[in-house]
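Student: starting from these lines, generate the structure:
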Amino acid sequence: MRPDSVRQPALSHKPGWSSAAILATVLLVLTGCEDHSVDLGSTSDAHFSMGVSFPAGASIQLASVDAWRVQIIRPGEGVIAEDAGAVSPDQQSVAVEISVRLQESCELLTILIELSSSGEVWLRSEGPAEICTGDSNEIQAADLQWVVPVIVMGPSALSFTYEEGAIPQTQVLTVGNEGGGTLNWNASGDELWLGLSPTSGSLGPGQSASINVTISDPDLTRGQYQGVITVADPNAVDSPRTSSVSLTYIEKPRIGLSASSLAFTADEGVNPEPQTITITNVGEGNLNWGAVGDEGWLSLSSSEGSLGPGQSQALTVSVSPGTLTGGAYEATLTISDPNSSNSPQSVAVGLTVVQRPRIGLNPGSISFTSLENEDPESQTLVISNPGGQTLKWTATLSDVGWLELSTESGTLASGQSQSVTVWASSGERDPGVYEASITVTDPWAMNSPQTVPVTFTIKQGPLIGLSVSVLNFSVKEGGSPSPQDLVVSNAGGGLLEWTATD
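Tutor: As a prediction, this is how the structure comes out:
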């Protein structure tokens, strides 16, 4: 029962509050019945009005409130009066009228106010109030407190400027619980370049935590990027909450190469055709590159250069086998720029040297000896190919007339050999020492020409030498002369087989 004399106070609009926040302003009108010992039936009215204040920043969450409840509690006895109702989206106020029986003209009772969303109590105010009969009760303010956790985050936006290859940057995002209960939060980023630490935690009422937000070295190109950090707790009234992240990515110069390896094949002692590799600045800024090879047989058309973004330069790579024998060789070409994000870069250079044929001669010299008018025994010259490929040899004799070969040309595969017979003829040559040469050639052989010196010694034949040319004997008649010696000797060479006759 509500007296007509009860006055309803005007509702106060707070800046930024939604209609939900306004309707949660509660006006309580209590009609009390005082228990008199003389006249139990006599009654008088007790009027009580209460305004409600809300936690800072609660207007957004209050938009989801859909129910209210008010209880009057007598200490030691429990709830003595209660009323509840729904809140519609367009409702502007809540007026509550509850009848209570006072045990005295003024009594200290507990007023409990609760606001709910989907059956879960979000906000609660519970406190004592002195209620008296009549209409002299003062208007009091009830501070609603959160029962469930409420997420607060700051700042709402983070901005990074990141240069490729730099040390990762870190900024701090603060997460707090401005509600009640425990906030069991989890944080995540929607981009791979967003790093968070920690990514979860628990916060009691009024507590906060810091999340380190780090920009890692992403595989990105220059430009602007956007990301979002989300903090959530399914039990919080405003979950999830987000903060935006903007990234300005500045690319450094970057070395781009048209090939990562080069392969050369060369015959021994022959320079192969040069090859070209293209250096490109695939990043930003100026690429001031330098190039160097780690082997002496590797040479470059240029050792340095400067390239703007997108520019290219051809680098000619040459190899000189020089004295390298047949086989496989490796070198590394290194391109670098200390300011480049991917320096250094390397190119593997392979060189296969194909062994050319070689002329092998055995023996290295030939010597003949004979007596005049006699021919010495023939000798053998072995021609071989200790190199590679095929040796196509030709033998040339010095023009002496007394030297001859069984063959003057041939073909030998790698590792093969061939015997050639060598003759010397004394003819009518006088005794003495004669010299000649055998020259073996193949224009493709690595060691062509090769020469074998030949010496021919002709010795004089045997000659009869007599100690005297005339023997004179004197004898007396009837007597015998004394004998005389005739010495026979070999005044020439060879073996003198002599006989004497008279």
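Student: just the CA atoms of stretch 425-443, as PDB, please.
Tutor: Extracted in PDB, the C-alpha atoms of stretch 425-443 (Å, rounded to 0.1, in the frame of the first residue of the first chain):
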ATOM      1  CA  SER A 425     123.900 -46.900 -89.000                       C
ATOM      2  CA  SER A 426     127.600 -46.100 -89.100                       C
ATOM      3  CA  GLY A 427     128.000 -46.300 -92.900                       C
ATOM      4  CA  GLU A 428     131.400 -44.900 -93.900                       C
ATOM      5  CA  ARG A 429     131.600 -42.400 -91.100                       C
ATOM      6  CA  ASP A 430     134.900 -41.900 -89.500                       C
ATOM      7  CA  PRO A 431     135.400 -42.700 -85.900                       C
ATOM      8  CA  GLY A 432     134.000 -40.000 -83.600                       C
ATOM      9  CA  VAL A 433     131.000 -38.900 -81.500                       C
ATOM     10  CA  TYR A 434     127.800 -38.000 -83.400                       C
ATOM     11  CA  GLU A 435     124.700 -36.400 -81.900                       C
ATOM     12  CA  ALA A 436     121.100 -36.300 -83.000                       C
ATOM     13  CA  SER A 437     117.600 -36.100 -81.400                       C
ATOM     14  CA  ILE A 438     114.100 -37.600 -81.500                       C
ATOM     15  CA  THR A 439     111.400 -35.100 -81.000                       C
ATOM     16  CA  VAL A 440     107.800 -36.300 -80.100                       C
ATOM     17  CA  THR A 441     104.900 -33.800 -80.500                       C
ATOM     18  CA  ASP A 442     101.200 -33.500 -80.100                       C
ATOM     19  CA  PRO A 443      99.800 -29.900 -80.200                       C
END
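Student: could you pull out the buried residues of it?
Tutor: For stretch 425-443, burial by neighbour count (16 or more other CB atoms under 10 Å) applies to 426, 431, 434, 436, 438, 440, 441, 442. Glycine gets a C-beta too; all of them are placed from N, C-alpha and C.
Student: again with stretch 227-244
Tutor: Within stretch 227-244, the residues that count as buried by 16+ other CB under 10 Å are 227, 229, 231, 232, 233, 236, 237, 238, 239, 240, 241, 243.
Student: ok, now stretch 445-459?
Tutor: Buried-residue list, stretch 445-459, by 16+ other CB under 10 Å: 445, 446, 448, 450, 451, 452, 454, 456, 458, 459.
Student: so which of those comes closest to residue 128?
Tutor: Distance to residue 128 across those (CB to CB) is lowest for residue 446, with 113.9 Å.
Student: surely the closest one is in a strand?
Tutor: No: assigned with DSSP: H, G, I helix; E, B strand; the rest coil, residue 446 falls outside any strand and is coil.
Student: ok, back up a step: columns distance to residue 172 and pLDDT on top of the buried residues of stretch 445-459, output as CSV?
Tutor: Below are the buried residues of stretch 445-459 laid out as CSV (distance: CB to CB, whole Å; pLDDT from 0 to 100):
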residue, distance to residue 172, pLDDT
445, 78, 93
446, 73, 89
448, 80, 94
450, 83, 97
451, 88, 96
452, 90, 97
454, 97, 96
456, 103, 94
458, 109, 91
459, 111, 89
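Student: and these, which two are furthest apart?
Tutor: The farthest-apart pair in the buried residues of stretch 445-459, when distances are taken by CB to CB, is 446 and 459, at 40.5 Å.
Student: related to what we said a few turns ago, narrow the buried residues of stretch 425-443 to those in strands?
Tutor: 434, 436, 438, 440, 441 (DSSP state E).
Student: how about those in JSON lines, adding pLDDT and distance to residue 377?
Tutor: Compiled in JSON lines, those are given as follows (pLDDT from 0 to 100; distance: CB to CB, whole Å):
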{"residue": "434", "pLDDT": "93", "distance to residue 377": "16"}
{"residue": "436", "pLDDT": "94", "distance to residue 377": "17"}
{"residue": "438", "pLDDT": "96", "distance to residue 377": "17"}
{"residue": "440", "pLDDT": "97", "distance to residue 377": "22"}
{"residue": "441", "pLDDT": "97", "distance to residue 377": "27"}
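Student: ok so, going back, quick one: which two of the buried residues of stretch 425-443 are the most distant?
Tutor: 431 and 442 (37.6 Å).
Student: from the ones in strands among the buried residues of stretch 425-443, pick the one nearest residue 304.
Tutor: Using CB to CB, those come closest to residue 304 at residue 441, 46.2 Å.
Student: which residue comes closest to the closest one once chain neighbours are left out?
Tutor: In space, and not counting its chain neighbours, residue 441 is closest to residue 449: 4.2 Å by CB to CB, 6 or more residues apart in numbering.
Student: poorly predicted segments of the stretch 251-400 of the chain, please.
Tutor: By pLDDT under 70, the stretch 251-400 of the chain contains no weakly predicted segment.
Student: where exactly do the strands run in the stretch 201-350 of the chain?
Tutor: With DSSP state E, counting those that start in this stretch as the criterion, the stretch 201-350 of the chain has strands at 208-215, 223-232, 241-250, 255-257, 261-267, 275-281, 287-293, 298-300, 304-307, 312-319, 327-336, 345-354.
Student: could these go into JSON lines alongside distance to residue 89?
Tutor: Formatted as JSON lines, those follow (distance: least, CB to CB, whole Å):
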{"stretch": "strand 208-215", "distance to residue 89": "33"}
{"stretch": "strand 223-232", "distance to residue 89": "25"}
{"stretch": "strand 241-250", "distance to residue 89": "23"}
{"stretch": "strand 255-257", "distance to residue 89": "61"}
{"stretch": "strand 261-267", "distance to residue 89": "71"}
{"stretch": "strand 275-281", "distance to residue 89": "61"}
{"stretch": "strand 287-293", "distance to residue 89": "63"}
{"stretch": "strand 298-300", "distance to residue 89": "78"}
{"stretch": "strand 304-307", "distance to residue 89": "65"}
{"stretch": "strand 312-319", "distance to residue 89": "65"}
{"stretch": "strand 327-336", "distance to residue 89": "68"}
{"stretch": "strand 345-354", "distance to residue 89": "65"}
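Student: still on that earlier bit, distance of the residue nearest to residue 441 from residue 395?
Tutor: Distance, residue 449 to residue 395, by CB to CB, to the nearest Å: 10 Å.
Student: intersection of neighbour lists for these two?
Tutor: Contact with both residue 449 and residue 395 is made by residues 439, 440, according to CB atoms under 8 Å, 6 or more residues apart in numbering.
Student: rewinding a little: quick check, nearest of the buried residues of stretch 425-443 to residue 332?
Tutor: residue 442 (36.2 Å).
Student: where does the closest one land on pLDDT?
Tutor: If you check residue 442, the pLDDT there is 96.
Student: mind listing what it touches?
Tutor: So residue 442 contacts 357, 359, 391, 392, 393, 394, 448 (CB under 8 Å, 6+ apart).
Student: out of these, which is most surrounded?
Tutor: Using other CB atoms under 10 Å as the neighbour test, the contacts of residue 442 are led by residue 391, with 28 neighbours.
Student: how much space between that one and residue 445?
Tutor: 6 Å.
Student: do residue 74 as well
Tutor: 124 Å.
Student: following the helix or strand residue 368 falls within, which helix or strand shows up next?
Tutor: Assigned by DSSP states H and E, residue 368 belongs to strand 366-371. Counting by DSSP H and E, the element after strand 366-371 in chain order, helix or strand, is strand 379-384.
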